[in-house]
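Trainee: I'd like to go over a predicted model; first the sequence, then the structure.
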Amino acid sequence: MPGLVTATGVLGFLADEEPELKVFALQTLNDDIDTVWTEVAGALGQIESLYEDDAFPERKLAALVLSKVYYHLQAYDESMFFALAAGDLFKLDSPGEFEETIISKCVDHYIAAKNENHTVLSQKEKDAAAAAAAAAGPAGDDDKSLPALATAFGGANDNNASALISPTTPFSQSTLPSKSLLSRASTDNTIIEPSFDPPRKQHRSSSIALTHNELDTRRAIDSVIERLYAGCLREGRYKQVVGIAVEAKRLDVVARVIKEAGHEHEKSKGKASSDDDEADAPGPAEELMDYCLNICMDVVQERAFRDEILELVLDILSSNKVKEPDYFSIAKCIVYLNKDEHARDVIQKLVQSGEPSSVAVAYQFAFDLYDNGTQEFLAKVMAHLPSGSPAASREGAAAQGNSDEAATESTSLLDKSGDDEAESDSGDKGGDVYRNIRSILDGTKTIKLNLEFLYRNNRTDLSVLNKVRDSLEGRNSIFHTAVTFSNAFMNQGTTNDKFFRDNLEWLGKAVNWSKFTATAALGVIHRGNISQSRKLLEPYLPRGAGGISGGSVYSQGGALYAYGLIHANHGADALGYLKSQFSAAEEEVIQHGGALGLGIAGMATGNDEIFENLKNVLFADSALNGEAVGLSMGLIMLGTGNVKALEDMVTYAHETTHEKSVRGLALGMSLIMYGRQEGADVMIEGLLNDPDPTLRYGGIMTVAMAYCGTGSNKAIRKLLHIAVSDVNDDVRRIAVMSLGFILFRKPSSVPRMVELLSESYNPHVRYGSAMALGISCAGTGLDEAIDLLEPMMKDPTDFVRQGALISLAMIMIQQNEVMNPKVAAIRKTLKKVVGDRHEDAMTKFGAALALGIIDAGGRNCTIGLQTQTGNLNMAGIVGMAVFTQYWYWFPFTHFLSLAFSPTSIIALDHDLDLVDAKFHCSTKPSLFDYPPEQEVKTEEGPALIATAILSTTAQAKRRAQKKERAQRRESMDIEVTPTVSKPSADDKMDVDEPKKPEDAKKEGEAVTDKEASPPTEAKKKDQQQQKEKAGYEIDNMTRVLPGQLKYITPAKGRYWPVKLVRPGPLSTGGPILVHDREPGQKKDLIEEKLQKVSTDKAPVPATPGSGGGASARSRGGMGGLEDALLRQLGVNPGALGGAGGAAAAAGVLTAIDEDGENDEEAQPPRDFEYDTEPEEDEEE
């Protein structure tokens, strides 16, 4: 039947008295509504009257026609309400644009209504909890909700968060309209008033209000959503249901869907049990829980609701109904929810089984906890674990003859099924397991493995470093510091300090704070070398009363800083020493270094004693110490949200007159609010409303730290507003830069966001946009970011060029020409800027830093602000945040080393041995290969010009040669037939020309080249052929980039990764526990190279004139110039024979930068002749 051309005749039936004709008209219009809706729109009143007539038999059909007409009129709310009234006539499974639009509107209204209800309920619960806490008194310290700041800001005691909101600061969650992830409201990009109430649309038809109240509408929407759920569940589209339920905050629906998905999978698995592929495939319940975890970390922005989802997932994973729980997803939930008791229970349950496979899972579980947890959390987990020392218990039991007691003490967590001897043996094994778990949780094992990996695979290109050194004048402190940072970053964690040993003369040019920075660089180079740290730094560390050893106070302060860097985020063994040295120090420089070392080593420990010591030094009101102490106070209380600490810091920041102290305190306060999200809003508003720009700067940093990695819309709106409205350049710069911290999980969205800001008239905003790109896109090689940064390398402002170069290095770290063809050009540009004599000092400083960053850790590290399991990398984020403060204080640059993460694959078996496991990569080797090292070009002298030789000269030479030969024959009395030499040969020997290949071949030079060249060319061809083949084998302890993991699979053989339940690519790198499929066979282990390397103790500098007389010949590595320098400083050069760089540099760096008694005085400059020009003028 052909469709309608016009609806005029059909519409006439609507006025007929016969109901059958009206129904026929509605059915005809419904079939062809997309064609004739313009004519039907004029008859809406008639159709609505039919819908309102209770006696009309097809009211639902009239509602459906009305819905479609309103849809074409783009009145979507009215269309949705009439579609709901149509009931079953509105088909959810019809694949049409009308149905999809109405379903989307229903979902939006459903989500908005459920969010409103959820907010009310959670607020009631909060009020009830607050009342209970008030009644209980101070006993409720464990409550996560923080009390209001009592003395920090005006109005902070008001519990109504909206009272703290200014018209331009939308930081109250209650003032924001609920937004669906499917359809964002237009209020996303507007400034929201404190009293904002989302207006409810008035429907075009007044009859709706008369016949449908709000409750009926919501019931109808719920009915549609339930039908939608049922349809999705029938078709196996579980993720759509979970997505809507999570947005609507209906966790009961999420739990129900996961449960039903598991039941359906069990049924299908029972029917198709013979199919091995289906048996190995992950079940829908597992996929849904992974999906929940992913959207929890990447999409959900409210911390409280995120905790609820994680609690739900953790309960499902930990329930007894799950046969094979996913322990690694459990670890992710446990760390985020800070459930240390749950972690202890999981570890004990795994160890109790006693199976090697369970022990391997327990070790991998512990590695995941260490990667994602704070020191405070890990200490709580270890506190509840058994000590793991069964030997003493067994000895005591043998003395008493009571083996049962020994078994109880050492194996309290193991099943007591067996005789006493079996119990004792299992206890011994359990003790070893617990000792290993403790070594993993305290970081010792991971740090040792990373150190071994970086040492084995060090690919530092010293020629680049030497070029930087030669291009920058060492006597200029900014250039000397730049070379120090470049060396530290290139060799981070490799323990390779050869550059210091080979450049003692250059190192001797360091004075004052350059010496402080150079000494601290040893901590970056030897980061993680915990066992040798004291021996390594002993010549530099303070000694004697008051922390003074007679050496330079700058090297002593730098040594304490270096000691903290070596023990970064692992300060259990270092905090006691650092605390004693910091307390005993009297010199401000030593206190400065001690405070930084304490903060780095004691990161997130929440140690009140250390905090009080720092606060006492802060109250001494020293500008030099204030910045470091304020920062360290924040590092100690990192992420704790400690209100008392914040009150003290804010009060002192308002009282002190030192800008450096205020800046340090502002940065420290932002670190205390790390990851607190909505809990930091009151603090943020107070700081942002402060008239002091330095405290406003701290407010922006608090936004960056509190909402880091969340992608929070309100935080982004706030930062963008400040970036274009604040009157202070520093505040605007950090506001743009902080976008990188908020969005580093979504790097592709940052270039589009800062595109206009990168062209701002304000150079500080341009610099901030460059650094935002570097922070968020680090290690990605993102083309959009590079396209924005390349023009900024030619910016007219020097510090903008500096930021662009540093950011490019961050983005291009571990990239080669195959992955990104622009790498070679960018590296060439960096070297060119460093060597350009006409370039500004700040830009050259940035280029030197960039060359160190792009080759960080011997080209084996990337910048990782999140762990490989997806959690936030706390140390990396903090390191990056403090690194950005190099703008004010160069020594903070070393903090960037905390963000360097080794990109390794380290396979361990259930005994934590480095086994010879193999892996297969399905790509070409060239795709993820190291970038080629720089070719060192030998400097060629000026070309020789052939000398013209006259014929008379040649004849004279021939006569002289003939006469000389005759004399030799006479003296030997040997008769030899005289020979006449050819003139051409003698002439050629006399001409000073470059040797031709024929001549060189006669002397044997070209022969060697000819013999050597064919194998080299063949080797290159073979390498190229091998690189063209896709797929190659990877050994254990090899560099594997994050983007390479999806191509890595375990090779078929003896070992199989614990995390890999079914065949597929590896999920993470780093330490990977493997199952041994042949436990009885002999294991092939990988020898640890770092154990053979001993760290040399540097000789302690003696008093001037007491140096030994060993000659330079006894030391092959140093020349006479270095010997003279060391003897002048009172160090015996012979004592440094085979010493490392730290030992060799000790005498230089510990020297006091003061004139000696017998030193010659420098000649005074000549007097200025002031009268020269006037006299000349008079003469003229």
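Mentor: Everything's here; your move.
Trainee: and the nearest residue in space to residue 1038 that is not next to it in sequence, what element?
Mentor: Distance criterion CB to CB, 6 or more residues apart in numbering; nearest residue to residue 1038, sequence neighbours excluded, is residue 905 at 5.9 Å. C-beta coordinates here come from the backbone N, C-alpha and C atoms, glycine included. Counting by DSSP states H and E, the element that carries residue 905 is strand 904-908.
Trainee: Buried ones in the next helix or strand after that strand, by neighbour count?
Mentor: Once the chain leaves strand 904-908, the next helix or strand it forms, by DSSP H and E, is strand 918-921. The neighbour-count check on strand 918-921 (16 or more other CB atoms under 10 Å) flags 919, 921 as buried.
Trainee: quick one: contacts of strand 918-921?
Mentor: Under the contact criterion CB atoms under 8 Å, 6 or more residues apart in numbering, strand 918-921 has outside partners 905, 907, 928, 1031-1036, 1044, 1047-1051, 1053, 1066.
Trainee: Just to be careful, could you list which of those residues are in strands?
Mentor: 905, 907, 1032, 1033, 1034, 1035, 1048, 1049, 1050 (DSSP state E).
Trainee: Need the buried ones from those selected in PyMOL.
Mentor: A single PyMOL command selects the buried members of the ones in strands among the contacts of strand 918-921 (16+ other CB under 10 Å):
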select buried, resi 905+907+1034+1048+1049+1050
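Trainee: mind checking how far residue 7 is from residue 620?
Mentor: Distance of residue 7 to residue 620, given as CB to CB, to the nearest Å: 88 Å.
Trainee: out of the two, which sits in the busier spot?
Mentor: residue 7 (21 against 11; other CB atoms under 10 Å).
Trainee: helices and strands around the strand holding residue 905, which ones?
Mentor: Under the contact criterion of 3 or more CB pairs under 8 Å, 6 or more residues apart in numbering; DSSP states H and E, strand 904-908 touches helix 444-456, strand 1038-1039, strand 1070-1076.
Trainee: ok, now with 6 Å
Mentor: With contacts taken as 3 or more CB pairs under 6 Å, 6 or more residues apart in numbering; DSSP states H and E, strand 904-908 sits against strand 1070-1076.
Trainee: outside of the strand it packs on, which residues touch it?
Mentor: With contacts defined as CB atoms under 6 Å, 6 or more residues apart in numbering, strand 1070-1076 is touched by 357, 360, 363-364, 367, 449, 906-909, 917, 1055-1058.
Trainee: who does that strand pair up with?
Mentor: Strand 1070-1076 pairs in its sheet with strand 904-908 (parallel), strand 1055-1057 (antiparallel), by DSSP bridges.
Trainee: Quick one, grab the pLDDT at the spatially most central residue of the chain.
Mentor: Taking CA atoms, centre = their mean, the centroid of the chain lies closest to residue 865, which sits 1.5 Å from it. What the model reports as pLDDT for residue 865 is 90.
Trainee: which ones are touching it?
Mentor: Residue 865 neighbours (CB under 6 Å, 6+ apart): 744, 873, 876, 877.
Trainee: Let me know the closest of those residues to residue 811.
Mentor: For the contacts of residue 865, the closest approach to residue 811 (CB to CB) belongs to residue 744, at 12.0 Å.
Trainee: Backbone dihedrals for that closest one, both of them.
Mentor: Main-chain dihedrals, residue 744, degrees, to the nearest 10: phi -70, psi -10.
Trainee: Would you check that it makes contact with residue 777?
Mentor: No. Between residue 744 and residue 777 there is no contact under CB atoms under 6 Å: 8.1 Å.
Trainee: remind me which residues of the stretch 801-950 of the chain are low pLDDT?
Mentor: Counting by pLDDT under 70, the ranges of the stretch 801-950 of the chain that qualify are 935-950.
Trainee: returning to that earlier point: hey, which of the strands paired with strand 1070-1076 is tucked in deepest?
Mentor: Among those, strand 904-908 has the highest mean neighbour count (mean count of other CB atoms under 10 Å), at a mean of 23.
Trainee: May I have that one as CSV, with CA atoms only?
Mentor: What follows is strand 904-908, C-alpha atoms only, in CSV (Å, rounded to 0.1, in the frame of the first residue of the first chain):
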residue,chain,number,x,y,z
SER,A,904,60.7,-3.8,32.8
ILE,A,905,59.5,-7.4,32.8
ILE,A,906,60.9,-9.3,35.7
ALA,A,907,59.7,-13.0,36.1
LEU,A,908,60.0,-14.6,39.5
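Trainee: Just the angle for that strand relative to helix 444-456, thanks.
Mentor: 130 degrees (axes from the mean of the first three to the mean of the last three CA atoms, to 10 degrees).
Trainee: What lies in contact with strand 904-908?
Mentor: Contacts for strand 904-908 (CB under 6 Å, 6+ apart): 449, 453, 915, 917, 1036-1038, 1040, 1069, 1071-1074.
Trainee: 8 Å instead, please
Mentor: Residues from elsewhere that reach strand 904-908 (CB under 8 Å, 6+ apart): 363, 449-450, 453, 457, 860, 914-915, 917, 919, 1034, 1036-1040, 1048, 1055, 1057, 1066, 1069-1074.
Trainee: Quick one: distance of that strand to the chain centre.
Mentor: 20 Å (CA atoms, centre = their mean, to the nearest Å).
Trainee: What of stretch 757-766?
Mentor: Counting by CA atoms, centre = their mean, stretch 757-766 comes out at 26 Å from the chain centroid.
Trainee: end to end, how far does that stretch reach?
Mentor: 6 Å (CA to CA, to the nearest Å).
Trainee: That one - what's its average pLDDT?
Mentor: Stretch 757-766 comes out at a mean pLDDT of 93.
Trainee: Which positions within it qualify as buried?
Mentor: 757, 758, 760, 762, 763, 764, 765, 766.
Trainee: How about the contacts made by residue 293?
Mentor: So residue 293 contacts 310, 313, 329, 332, 333, 870 (CB under 8 Å, 6+ apart).
Trainee: meant to ask about residue 73
Mentor: residue 41.
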